[in-house]
Structure formats: structure tokens, C-alpha cells
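Enquirer: I would like to see how this sequence folds:
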Amino acid sequence: MTALVLVFDIKAEMALFRKPYTTTSMVSFPFPPPTAIAGILGAIVGLENGADEGGKSARYWHHLAGTQVTLAARAPLRWIQTAVNLTNVKEPEKAPHIRVKQQLVKSPKYRVYVKGGELYAKLRARLEKRESVYTLCLGVAYALADVEYIGEFPEGGDEEEAPVRSVLPIYDGVEVDVLKTGSLHRETVPYRFTTERRLVETVGVLYHDFRAKVSEGIYLRSKGEVETGLVGEERVAWFRAW
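Expert: You can find the predicted model right below:
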């Protein structure tokens, strides 16, 4: 049976997907990691996270079982370096505000691909109506985001000669044709949380330097254990199902 894939674009004036090793100076991933995409899907569908009972609660992970996602950049990568005044809630008697340096992605736009899982039908219904239960943002509350529904597409068979247009998860056996692909960047991103927001799994990814206006994608010598397929005319590489 042919799998169906939901495709939508999400964009904002800015984004901040904070890397976990940063403290007072916040450094961002260039794109939403899978855990951030999970939050976006939960916000669109309206999944309860249980935060009213505990700030670390993330119950929506139960509903993501079987869902697969991937994403691609749809805008050049540009950065903003700035400082933000925050309220000092720890020691307000010393200073009412503290200044925090932040690295923000400027005017980002991403294309998100989703298939499988129990929330698929609910997600499609919300996207078709152009509505979201909770307010969408890209990483932080002040990075308010807009969604554009592209459509639902049957996933075609794999085209091994075609380049991968999405980010590429680094699973066993992956071999990239560097000469045809050109420069690449690598990140290790969070992939799965527990329902208490504890990190249990990460995954390495490769992505094109999409500061260039045109990117042909990532050419593979061998895809190894990565699942790839055609969505419309684009070949994408999927993260494993949650």
C-alpha cells in the first residue's frame, strides 16, 4: 500500500532552536530538530502536554508513536546576533533584568514532511482548515510562526540517482558522494524525549550549506539504513518512526 505524506511550510521572522550545551549565550540549530517538529505537530493538532501538573511534562509523546518526519530548508540560512533583556527571577534585588546574548535564525522557512502515526488524520484536517489549536512558534514564544499547507502526496518509489533534498539522517551504511554534492555541514540533534522531557536519543544529520540560493541536494553512493522516497518530484530521507 502506498504511503501518504502531508507536506507543509512553516516560517517566521526569526527562530531559536537552542543547542543544549549553551548556557547564558544561546546558540541555535539552523533548523528545527525532530523534537521541535514533534512540538509543532502537537500544537497544530492540540495534544495536551500535562504542563499544568508539572513543567517538565510532555505527554504528547505517547501520541507520536509510529509518526515519521523529515524537513528541508526553503530559505537561505542567515543569522542574527543580538542581546535580549530578560526578567531576573532568581535575584531581582540585585538587578531587575539580565542581558542574554542570543543567536537567531533570520527569516527562516522550512518544509516539513509527515507520514504515518495516529495523529495523521487529525493533522491533515487541521492543515486543510488552515488552523492550529495552539499558537505556533519556531523554538521560542516570541518567534511566532505561520503555516502554509502544501498538500497530501503519495510517496513514490525511490530514485537512487536523484539527490536528497531534505536533511539526511546519518544511519549505518550511509555514504555520500562528496564530489557531486559539494560542501556539507553536520549536526547532532535531539531525536526523542521521554514524557518527562528527558533526552533518550540523538541522531547525526548532514545538510547542505543552504546560504546558497540554489542547492541541488545531497547525492548518495549508498543510503544504507536510511529510508528514502519520492514526495512529488523531491527525494527525501526520513528519520526513523518515533
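Enquirer: for this structure, longest strand please?
Expert: Of all the elements of type strand in the chain, the one with the most residues (DSSP state E) is strand 145-156.
Enquirer: Identify the residues contacting that strand?
Expert: Applying C-beta atoms under 8 Å, 6 or more residues apart in numbering, the external contacts of strand 145-156 come out as 2-12, 40, 44, 111, 115, 124, 127-128, 130, 132, 136-138, 229-232. Glycine gets a C-beta too; all of them are placed from N, C-alpha and C.
Enquirer: Could you tell me which residues within that strand count as buried?
Expert: 145, 147, 150, 153, 155 (16 or more other C-beta atoms under 10 Å).
Enquirer: Whichever strand or helix holds residue 103 - what's its average pLDDT?
Expert: Using DSSP states H and E, residue 103 sits within strand 97-106. With pLDDT averaged residue by residue, strand 97-106 scores 90.
Enquirer: buried set for that strand?
Expert: The neighbour-count check on strand 97-106 (16+ other C-beta under 10 Å) flags 98, 102, 103, 104, 105 as buried.
Enquirer: And stretch 5-17, by the same measure?
Expert: The neighbour-count criterion (16+ other C-beta under 10 Å) identifies 5-17 as the buried residues of stretch 5-17.
Enquirer: Nearest spatial neighbour of the residue nearest the centre of the chain, chain-adjacent residues omitted?
Expert: Central residue of the chain (C-alpha atoms, centre = their mean): residue 32, 3.1 Å from the mean position. For residue 32, the nearest residue in space outside its immediate sequence neighbours is residue 17; the separation is 5.5 Å by C-beta to C-beta, 6 or more residues apart in numbering.
Enquirer: So which of the contacts of strand 145-156 belong to strands?
Expert: Using DSSP E, the members of the contacts of strand 145-156 that fall in strands are 4-12, 111, 115, 229-231.
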